[in-house]
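S.K.: here is my input; please provide its structure:
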Amino acid sequence: MTSRPLSRITKGSGPGLVLAHGAGGGAEANWGALIGPLAEHYSVVAPDYPGSGGTPLEPGPLTLDDLADRLVGAAVEEGHETFDLVGFSLGSAVSVRAAVRHPERVRSLVLIAGVARTGSHIRLLVDSLLEAERLSPELRARFNIPFAFSAEWIDRHSMGELALLTEVMVASTPLGLRRQFELVRTVDVTGDLARITAPTLVISTTEDTLSVPAQHRTFAEGIPGARLLELASGHLVAVERGPELLAALRDFLAEQHR
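M.R.: Take a look at the predicted model:
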């Protein structure tokens, strides 16, 4: 295991449950509302990638292998020899790589709004998001909202509410955003999928314009025995469909521990 530990949120007791966040996010930003409810039955470990949360930004590019090993290392450091692993967005690819590199550790997998292989569609979106760094933080956050949320969800909110959301997004933007999105540009875990032995649930966000449903189906079709659950949501499903997402996680995880 690497000697460079990741900062992390830990809460609860019971079986280990590791949460892997997405690019441009962090443990608190992506998982904050779910950590408390999940910690009622599990010992939650939610690490931050370099440049997110309390993990310092590091020189050089990020790699899936390194993040996967450090994610597993964080769980082991917290006393969990085995654990369930939930990945969101980029965290899904990190989780797949962790399950392949450390199959003896990962009891089960949940992959939410994941990216299995980056093609031209995601590269164009990522390049646009990175170019938006030239804008003011407020304009950049407003630019990102249609990528992060479904049109239906946005239309349910007033411009005043969306202005408050913009402030939250500005405040939660990590220093490591660029390096994390640069990693997204290189993702391809399709060759790993057939090697996964852990029970797997794939949660597809059907209104997602960032990681489109075809990406999620790639996970579901490539991982032996994987199940597919669809939620009508944009990319940030924990915000749009928090109760439904929590229910799906609880049901699947409870099944693994019967």
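S.K.: residues touching Val202, list them.
M.R.: Residues in contact with Val202 (Cβ atoms under 8 Å, 6 or more residues apart in numbering) are Val110, Leu111, Gly114, His216, Phe219, Ala220, Ile223, Ala226, Arg227, Leu228, Leu229. Glycine gets a C-beta too; all of them are placed from N, C-alpha and C.
S.K.: now Arg140
M.R.: Listed by Cβ under 8 Å, 6+ apart, the contact partners of Arg140 are Ala132, Glu133, Val170, Thr173.
S.K.: could you do Glu28 as well?
M.R.: With contact taken as Cβ under 8 Å, 6+ apart, Glu28 is in contact with Ile9, Ala46, Gly53, Ser172.
S.K.: filter those down to just the buried residues.
M.R.: Among the contacts of Glu28, those scoring as buried are Ile9, Ala46, Gly53, Ser172 (criterion: 16 or more other Cβ atoms under 10 Å).
S.K.: and which of those is nearest Arg258?
M.R.: The nearest member of the buried ones among the contacts of Glu28 to Arg258, counting by Cβ to Cβ, is Ala46 at 24.5 Å.
S.K.: isn't the closest one right next to Ala29, touching?
M.R.: No. With contact defined as Cβ atoms under 8 Å, Ala46 and Ala29 do not form a contacting pair (10.4 Å).
S.K.: overlap in contacts, these two.
M.R.: Shared contacts of Ala46 and Ala29, defined by Cβ under 8 Å, 6+ apart, comprise His21.
S.K.: what about the contacts of Val202, which one has the most neighbours?
M.R.: If you count neighbours using other Cβ atoms under 10 Å, the busiest of the contacts of Val202 is Leu111, which has 33 neighbours.
S.K.: just the mean pLDDT for the helix or strand encompassing Gln180, thanks.
M.R.: Assigned by DSSP states H and E, Gln180 falls within helix 177-184. Across helix 177-184, the average pLDDT comes to 95.
S.K.: and for stretch 206-220?
M.R.: For stretch 206-220, mean pLDDT rounds to 97.
S.K.: also stretch 162-169?
M.R.: Average pLDDT, stretch 162-169: 94.
S.K.: give me the buried positions along it.
M.R.: Using 16+ other Cβ under 10 Å as the test for burial, stretch 162-169 gives Leu165, Thr166, Met169.
S.K.: out of these, list just those in helices.
M.R.: Residues of these located in helices (DSSP state H): Leu165, Thr166, Met169.
S.K.: these into a markdown table, with extra columns for distance to Ile145?
M.R.: Shown next, in a markdown table, are those (distance: Cβ to Cβ, whole Å):
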| residue | distance to Ile145 |
| --- | --- |
| Leu165 | 7 |
| Thr166 | 7 |
| Met169 | 7 |
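S.K.: which among those residues gets closest to Ala99?
M.R.: Using Cβ to Cβ, these come closest to Ala99 at Met169, 30.5 Å.
S.K.: just give me the neighbour total for the closest residue to that closest one other than its chain neighbours.
M.R.: The shortest distance from Met169 to any non-neighbouring residue, by Cβ to Cβ, 6 or more residues apart in numbering, is to Ala141 (3.9 Å). When counting by other Cβ under 10 Å, one arrives at 23 neighbours for Ala141.
S.K.: contact partners for Ala141?
M.R.: Applying Cβ under 8 Å, 6+ apart to Ala141 gives the contacts Leu165, Thr166, Glu167, Met169, Val170, Thr173.
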